[in-house]
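In: Next comes the sequence, and after it the predicted model I'd like to discuss.
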Amino acid sequence: MALAAFVLALVGVEWLLGAIDPFGAVAQGVNQRLYRSEIVAPDPTSLRLFRHKPDTHVQMRGHVFRSNSLGLRGPQIILPKPRDQRRALFLGDSVVLGWGVSDEDTFVAHCEPELEAATGLSWDTVNAGHLLHDSTQELGVLEEVGMPCDPDLVVHVFVENDIVSTREVRETRSEKPREMTPEARRFLERVGLLARIRPYFPNIHSNLQFLFIQSRPAGQQGSSEHAQAMGLSLEEGWERSKTALRGMRNLCTERGVRFVILDYQRGNRLSEALEAFCREEGIPYDSIAFDAEDRMQELAVSPADAHANELGHRILTANIMDSLKKLGLLDD
């Protein structure tokens, strides 16, 4: 009877957490599983490593995700591009993808009418963002599907974890566990123990994992802390990023396409290094980071998902447009 009562209590907690989702951890867990199973396909021979399946329409928890025939988020892209059309391609990771909001609520979608209003010309915007892509993968996206879209402007939104090699993180976890720090190994062991309850109580698992990771920044996959705990070099990652950024610039220069790097952060050491790099390479640069006044508002999707919500995307839209105008990229 005691065991039955305990199991019933767990079932009740499971149902309650699924109903109220106090941290957004259930929605985050459901959406990540849907993304992996319904939206992403491996592409090991490409720099991208994995890509979006074409022509998907997936009802996520809280929003809808659609991809077009190129596997890019958003509506179909007209090819060849109409002669009277201008096209802006946004390149980056989950920040550009708009993880946590619907297609029409991303800053990529919001920038389309803003570009038209600012220039008096007809524009469309292309979302080439992808969850967990680093700079090298983003170069692969630009080469393989970005440039065939015939953009007039490529906007690369740089995020701190772009210097974390997705390939190395995957290889370290699967093939080279000896290179991890003891802390990282213990963390993965505990996450593995937690994962045992996921098939039976997925909502309880999502909340326990969220609380566990919150207390250990090194547990957030894709973060710089996580990379260091896994024994990866951020200095080497930054060198790879610089090589990829030069590749993006060169591709754009060869095609006569304007290229800009917009920094999602401001004031940290990597942002300072990025700004200096862009100055040396002659690449237009600006920061679109939220300021102190912005951060007084609720800008995250949920406590479990720090990506920008609808309000955050509207603020980022304004910041992007201000940067493009300031840098003269909408002139002529």
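Out: Ah, there it is.

In: Please give the number of neighbouring residues around Asp124.
Out: Each residue near Asp124 was counted by other Cβ atoms under 10 Å, and the total is 20. (Each C-beta comes from the backbone N, C-alpha and C, glycine too.)

In: To clarify, my last question referred to His110.
Out: Neighbours of His110 using other Cβ under 10 Å come to 20.

In: what distance separates the start and the end of stretch 93-110?
Out: Taking Cα to Cα, to the nearest Å, stretch 93-110 runs 18 Å from one end to the other.

In: now stretch 28-42
Out: First residue to last in stretch 28-42 (Cα to Cα) measures 21 Å.

In: who's in contact with it?
Out: 49-53, 56, 58, 60-62, 65, 67, 100, 131, 202-203, 205-206, 209-210, 302, 304-305 (Cβ atoms under 8 Å, 6 or more residues apart in numbering).

In: now with 6 Å?
Out: 50-53, 56, 58, 60-61, 206, 304-305 (Cβ atoms under 6 Å, 6 or more residues apart in numbering).

In: pLDDT of it, averaged?
Out: In this model, stretch 28-42 carries a mean pLDDT of 92.

In: Could you give me the buried positions within that stretch?
Out: 28-31, 34-35, 39-40 (16 or more other Cβ atoms under 10 Å).

In: Narrow the contacts of stretch 28-42 to just the buried residues.
Out: For the contacts of stretch 28-42, buried by 16+ other Cβ under 10 Å: 50-52, 56, 58, 60, 206, 304-305.

In: What are the boundaries of the helices in the stretch 101-250 of the chain?
Out: 107-119, 135-141, 166-174, 182-195, 202-214, 224-229, 234-255 (DSSP state H, counting those that start in this stretch).

In: Looking at these, which is nearest to Gly24?
Out: For Gly24, the closest of the helices of the stretch 101-250 of the chain is helix 202-214, at 8.3 Å, according to Cβ to Cβ.

In: Distance from that closest one to the middle of the chain?
Out: With Cα atoms, centre = their mean, to the nearest Å as the basis, helix 202-214 stands 21 Å off its chain's centre.

In: Pick the one among the buried residues of stretch 28-42 closest to Lys81.
Out: Using Cβ to Cβ, Ile39 is the member of the buried residues of stretch 28-42 that sits closest to Lys81, with 25.9 Å.

In: Distance from stretch 247-263 to the middle of the chain?
Out: In this view, stretch 247-263 has its centroid 20 Å away from the chain centroid, taken as Cα atoms, centre = their mean.

In: neighbouring contacts of that stretch?
Out: 139, 142, 151, 153-158, 271, 274, 278, 283-288, 323, 329.

In: Could you list which of the residues you listed belong to strands?
Out: 153-158, 285-287 (DSSP state E).

In: May I see the residues you listed organised as CSV, with distance to Gly18, neighbour count and pLDDT added?
Out: Listed next are the ones in strands among the contacts of stretch 247-263 as CSV, based on distance: Cβ to Cβ, whole Å; neighbours: other Cβ atoms under 10 Å; pLDDT from 0 to 100:
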residue, distance to Gly18, neighbour count, pLDDT
Leu153, 43, 20, 98
Val154, 41, 26, 98
Val155, 38, 28, 98
His156, 38, 26, 98
Val157, 33, 23, 98
Phe158, 37, 26, 97
Tyr285, 44, 20, 98
Asp286, 42, 20, 98
Ser287, 39, 19, 97
